[in-house]
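S.K.: sequence and predicted structure are below.
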Amino acid sequence: MSVNQVKPEFSIITPVFNRAGEVIESVKSSLRFLEESGKPGEVIVVDDASNDGSFEAVSAVFEEQIGNRLVRVIRLPFNRGPTGAKQVGAEHAAGEWLIFMDSDDAFVADAAYTACAALASTPRECPVVFFRCINKADGTLIGPAQEAPLWLDLQTYLLQQTPGECLPVVRRDCLLVIPYEEDLRGFEGLTYAFLIQRFGPACVFPIILRSYCTDESGDRLSTRLAIRQRGCLIAKGYFRMVLQFGFALRGRLLPSVMRFFYHGFNCLIYSTSRRLTRHL
């Protein structure tokens, strides 16, 4: 693609922290998505204060694309966590839709045109759209299969959430009004609930768009170890959800309450085991 002379329709935002090798392939995948889509777009890489040369690697490999503004690289002076880095990307983006990719994930080939058509059909009052993901290791669908778009009003989202791991695509103007909560460092569900409450229902399309890494040996936030380590933050997020939306749930608080206690218990067990290990 050549120099962006028109306003991008899509901004693909990829936060990265110490993944100099993986992020290169992810950005290449994003550029292929834009080329397949035939739509004007941009890729924004937000380096979250990496110390492994991630910023330098992206800047070197994509020097030409950076020169024509197809790729932009933002370097944060201190680590702000995934949600903080995503919000910085949103504030610098120009696209109507913000597609949030992880730095070790990739777009599924030949899905761009269908995904773009789905976004074009989305009502203006829909603030966030989700696309389905497959496991990067074996290509299996993550979560239950669906045949038709699934609309999530506030109550449905709070009680059911999305069917497995999904790729979030958010309207930029909505996310600037209701930003990600940086202090939760990766707990994005609360922001999506606020967006649905403020603007209208979300939609989960059955289109498979992302190949998602589920490697338990990595540093992903979704690994079992990371979930235990982040138990207090996850519990904090669900606690805020219960406080904010208890009335909307009309008394059916059990799913969020159970998640709050589950992650709180995980946090207690992990922190206790760490203290015991240090004393042994």
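M.R.: Looks like it arrived, so ask away.
S.K.: residue contacts, the residue most central in space within the chain?
M.R.: Centroid-nearest residue in the chain, with CA atoms, centre = their mean: residue 100, separated by 4.7 Å. By CB atoms under 8 Å, 6 or more residues apart in numbering, residue 100 lies in contact with 13-14, 86, 89, 167-170. In this view, the C-beta of every residue, glycine as well, is placed from N, C-alpha and C.
S.K.: redo that, cut-off 10 Å
M.R.: Residue 100 makes contacts with 11-15, 82-83, 86, 89-90, 167-170, 175, 180, 188, 210, as judged by CB atoms under 10 Å, 6 or more residues apart in numbering.
S.K.: let's see which of those residues end up in strands.
M.R.: Among the contacts of residue 100, DSSP state E puts 11-15, 167-170, 210 in strands.
S.K.: confirm residue 72 sits in a strand?
M.R.: Yes - Residue 72: assigned to a strand according to DSSP: H, G, I helix; E, B strand; the rest coil.
S.K.: need the pLDDT of the residue nearest to the centre of the chain.
M.R.: Here, the pLDDT recorded for residue 100 equals 97.
S.K.: so it bridges to which residues?
M.R.: residue 13 (DSSP bridges).
S.K.: where does residue 204 fall, phi/psi-wise?
M.R.: When read as degrees, to the nearest 10, the backbone of residue 204 gives phi -110, psi 110.
S.K.: pretty sure it sits against residue 162.
M.R.: Yes - assessed by CB atoms under 10 Å, residue 204 is found in contact with residue 162 at 5.7 Å.
S.K.: compare neighbour counts for the two and give me the winner.
M.R.: residue 204 (23 against 19; other CB atoms under 10 Å).
S.K.: let me see the confidence value for that one.
M.R.: Among the per-residue scores, residue 204 shows a pLDDT of 98.
S.K.: how about it: which residues does it bridge to?
M.R.: Assigned bridge partners for residue 204, using DSSP bridges, are residue 130, residue 150.
S.K.: can you give me the distance of it to residue 175?
M.R.: Using CB to CB, to the nearest Å, one gets 18 Å for the distance from residue 204 to residue 175.
S.K.: cool, and residue 65?
M.R.: In this view, residue 65 and residue 175 are 24 Å apart by CB to CB.
S.K.: before we move on, the earlier item: quick one: which of the ones in strands among the contacts of residue 100 is nearest residue 131?
M.R.: Comparing the ones in strands among the contacts of residue 100 against residue 131 with CB to CB places residue 167 closest, at 4.5 Å.
S.K.: ok, residue 61 to residue 52 distance?
M.R.: The value you get for residue 61 to residue 52, if CB to CB is used, is 15 Å.
S.K.: neighbour count winner among residue 65 and residue 175?
M.R.: residue 175 (23 against 18).
S.K.: first vs last residue of stretch 194-209, how far apart are they?
M.R.: In stretch 194-209, first residue to last residue: 25 Å (CA to CA, to the nearest Å).
S.K.: and for stretch 192-205?
M.R.: Using CA to CA, the end-to-end distance of stretch 192-205 comes out at 16 Å.
S.K.: which residue ranges of the stretch 151-280 of the chain form helices?
M.R.: 154-160, 172-177, 189-199, 224-229, 231-245, 254-279 (DSSP state H, counting those that start in this stretch).
S.K.: can you pull the contacts of residue 18?
M.R.: With CB under 10 Å, 6+ apart, residue 18 has these contacts: 47-54, 79, 103, 219.
S.K.: just the buried members of these?
M.R.: 47-48, 50, 54, 103 (16 or more other CB atoms under 10 Å).
S.K.: which residues touch residue 167?
M.R.: Residue 167 touches 99-102, 105, 107-108, 115, 129-133, 205, 207-212, counting by CB under 10 Å, 6+ apart.
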